[in-house]
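Colleague: The sequence isn't on hand, but the structure is:
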DNA sequence: GCGAAACTGAACTCATGGGTTCAATGTAGT
DNA sequence: ACTACATTGAACCCATGAGTTCAGTTTCGC
């Protein structure tokens, strides 16, 4: 039981969940605490019983959502740990999974929230990217470094390779999804993954023409 | 004279400029019309004499800033019209210019504003990207197509090449500049341009190993 | 069952800010 | 000089919403 005083923990989760939902739907300024309380199925004073202000409520809600998104994204890199003989195919699968994780409703809303409130909460990025290996680029760089060691990729700067892979993959999303407004069809995501891996392998693959 | 009734036009420009400055500094919700009037050196009723709402004020201010940014960016592509014998060098120069145009204060603020208010003003993107050739990717694709025709690049999909070039170039900015919060040193921008062109040429250059 | 804690609903305070009104003051064309 | 209109400053109205208070109710530990 530890810290639990019965329903306290459930309510807290409900509040954080409802808060992110409402913030995602309306943005920080437009979202009012009463809406959040309603969404969480809770009375307004209960919200203030768990969080001191609207600001810390926002902070905790965004932190929770970011952490969840980050672990999902890093988890999507798993197939790279042991690719079979078809490296391009595995890369393509990972690319497709990353694209889906970056284009779902919650991720787009999260990105919008980060961009819009980064000036009001300058420290909120520290929580999202985290330290050391909890960074997506870093995690990917680790995988690519091992692939380079085993001769499947050019043995050059794996950090740069990871950065460019993610840039190639995720950069086009901004325009294509209209800043996360429009949903992208799964076949379009698939084509995007294919094109990314194709270009990436031409630039970073073992040169076997 | 046409529409001009003396100082009307000057005041209008001052209002739009002040509006963008304040919106960029504080965001849409936090910016109050009185601040904008002060920034523009104008009384509050004068603002409402030119613009009906705060919303249309925002719309016009962002439209003006976006148009200015877009023409500057497309203008930076000019050297590609007639590259000398050093295609990679010219590409690198253009890349560096584009990076500087995408990382200045106004551009970062504009991007933040677009991301944060895209849900409240869903049509605002139409003005920014514009129609046909007023799109940066399209303009770059045109240049690359001519380079491909003259045998300087692989004769494949120039639209894809342009999209990937911009993705490689601008994608890393998001993380490196902390969503536009942190200024990036000019040498770092230079390195980024170099790395981008290097990878791009490996993937899209005439294969002459 | 008892008591302590959390929870609820409703009403309240108070600050902020969009938008308007108005009388007074330029200011440019004729 | 005269007219018409833009501008100004200050005050005003009103909606919204953050955060609080409180009396009453639920719920769990014991």
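Modeller: Ah, there it is. Here the structure is a predicted model, which is why all the values come from computation and not from measurement.

Colleague: Please pull out the lowest mean pLDDT helix or strand from chain A.
Modeller: Across the helices and strands of chain A, mean pLDDT, DSSP states H and E gives its lowest value to helix A:124-129, namely a mean of 82.

Colleague: do it and chain B meet?
Modeller: Yes - applying C-beta under 8 Å from any C-beta of the partner chain, one finds helix A:124-129 touching chain B at A:125, A:129. C-beta here means a position set from N, CA and C on the backbone, and glycine is covered the same way.

Colleague: Distance from the chain centre to that helix, please.
Modeller: Counting by C-alpha atoms, centre = their mean, to the nearest Å, helix A:124-129 is centred 11 Å from the centre of its parent chain.

Colleague: And for stretch A:11-27?
Modeller: With C-alpha atoms, centre = their mean, you get 17 Å for stretch A:11-27.

Colleague: what does it rub up against?
Modeller: Here stretch A:11-27 makes contact (C-beta atoms under 8 Å, 6 or more residues apart in numbering or on different chains) with A:31, A:35-42, A:46-47, A:50-51, A:57-58, A:60-62, A:64-65, A:105-106, A:109-110, A:112-113, A:116, B:29, B:116, B:119-120.

Colleague: Next one, pLDDT for the residue nearest the centre of chain A please.
Modeller: Nearest residue to the geometric centre of chain A (C-alpha atoms, centre = their mean): residue A:69, 4.1 Å. On the pLDDT scale, residue A:69 is placed at 93.

Colleague: again with residue A:132
Modeller: Residue A:132 carries a pLDDT value of 55.

Colleague: The nearest residue to residue A:40 once chain neighbours are set aside: which element?
Modeller: Nearest in space to residue A:40, with sequence neighbours left out and distances taken as C-beta to C-beta, 6 or more residues apart in numbering or on different chains, is residue A:18 at 3.2 Å. Per DSSP states H and E: residue A:18 is located in helix A:8-26.

Colleague: try residue A:60
Modeller: For residue A:60, the host element (DSSP H and E) is helix A:54-75.

Colleague: Which neighbouring elements make contact with that helix?
Modeller: helix A:8-26, helix A:33-40, helix A:87-103, helix A:105-117, helix A:124-129, helix A:136-149 (3 or more C-beta pairs under 8 Å, 6 or more residues apart in numbering or on different chains; DSSP states H and E).

Colleague: repeat that for 6 Å
Modeller: helix A:8-26 (3 or more C-beta pairs under 6 Å, 6 or more residues apart in numbering or on different chains; DSSP states H and E).

Colleague: Give me the angle between the helix it packs on and helix A:105-117.
Modeller: In terms of direction (axes from the mean of the first three to the mean of the last three C-alpha atoms, to 10 degrees), helix A:8-26 departs from helix A:105-117 by 70 degrees.

Colleague: average pLDDT for helix A:8-26?
Modeller: Taken as a whole, helix A:8-26 has a mean pLDDT of 92.

Colleague: Reduced to three states, what does residue A:30 come out as?
Modeller: Three-state call for residue A:30 (DSSP: H, G, I helix; E, B strand; the rest coil): coil.

Colleague: Near residue A:159, how many other residues are there?
Modeller: Per other C-beta atoms under 10 Å in any protein chain shown, the neighbour tally for residue A:159 reads 15.

Colleague: And the closest residue to it other than its chain neighbours, how far from DNA strand D?
Modeller: Closest residue to residue A:159 in three dimensions, ignoring its sequence neighbours and counting by C-beta to C-beta, 6+ apart: residue A:141, at 4.7 Å. According to C-beta to the nearest atom of the strand, to the nearest Å, residue A:141 and DNA strand D sit 41 Å apart.

Colleague: Identify the residues contacting residue A:141.
Modeller: Residue A:141 makes contact with A:158-159, A:162, according to C-beta atoms under 6 Å, 6 or more residues apart in numbering or on different chains.

Colleague: ditto for residue A:127
Modeller: Here residue A:127 is in contact with residue A:63 (criterion: C-beta under 6 Å, 6+ apart).

Colleague: Give the bridge partners for residue A:205, please.
Modeller: Note on residue A:205: beta-bridge partners residue A:153, judged by DSSP bridges.

Colleague: Thanks again, I'm all set now.
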